[in-house]
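Visitor: Attaching a predicted model along with its sequence, questions to come.
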Amino acid sequence: MLVQTDSRWANVPIGNTTIGKSGCLLVCLCMANEILGNPISPDSLAMQLSQAGGFRNNGDLLWVVLRNTASLAWLCLGSAEPVSGLRIVEYGRPNGGSHFVLEYGTQEFDPNPGTERLGIKSVRCLALIDRRGGF
């Protein structure tokens, strides 16, 4: 399991913040990539996404940019059943923000364990698109 506060990437910028402060979604995507056999580190993915304009100033990731990043790109399937078994779950936070965790089957992977969560705000089911054709 990867954590956003890992010293190898915690201070890497995303927008006007860092992975350590606001990178839970980014780290979830890296964990999903690893599960699907296409590992990428959070700092590498952050660099690719930053170069593609993939973050708002507050560090929020722009989902549309994921489709155009790297040799394998993310497809957000909305709330449909996940082909891959991967789901990104967005929880509310007491400060009004969000916290993202990765679910794979019955397992949950939290990139910042101990983060206080409120109810579920959204669920995104994911698949990887191989640019050479197919899922």
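Guide: Cool, got the structure.

Visitor: Please make it C-alpha for all contacts and neighbour counts, starting now.
Guide: Will do.

Visitor: quick one: the strands in this protein?
Guide: 13-14, 17-18, 72-76, 86-92, 98-104, 107-109, 120-130 (DSSP state E).

Visitor: would CSV of those with mean neighbour count and mean pLDDT be doable?
Guide: CSV is the format used below for the strands of the chain (neighbours: other CA atoms under 10 Å; pLDDT from 0 to 100):
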stretch, mean neighbour count, mean pLDDT
strand 13-14, 23, 96
strand 17-18, 18, 96
strand 72-76, 19, 53
strand 86-92, 21, 90
strand 98-104, 22, 93
strand 107-109, 14, 94
strand 120-130, 17, 74
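
Visitor: so what's Phe55 closest to, chain neighbours aside?
Guide: Leu61 (4.6 Å; CA to CA, 6 or more residues apart in numbering).

Visitor: ok, that neighbour - how many residues close by?
Guide: A count of nearby residues for Leu61, using other CA atoms under 10 Å, gives 22.

Visitor: OK, contacts around it?
Guide: 25-26, 54-55 (CA atoms under 8 Å, 6 or more residues apart in numbering).

Visitor: Which pair of these spans the longest distance?
Guide: Leu25 and Gly54 (12.4 Å; CA to CA).

Visitor: So for Glu103, what's the nearest residue that isn't a sequence neighbour?
Guide: Leaving aside its chain neighbours, Glu103 sits nearest to Arg87 (5.1 Å; criterion: CA to CA, 6+ apart).

Visitor: I am finished for the moment; much appreciated.
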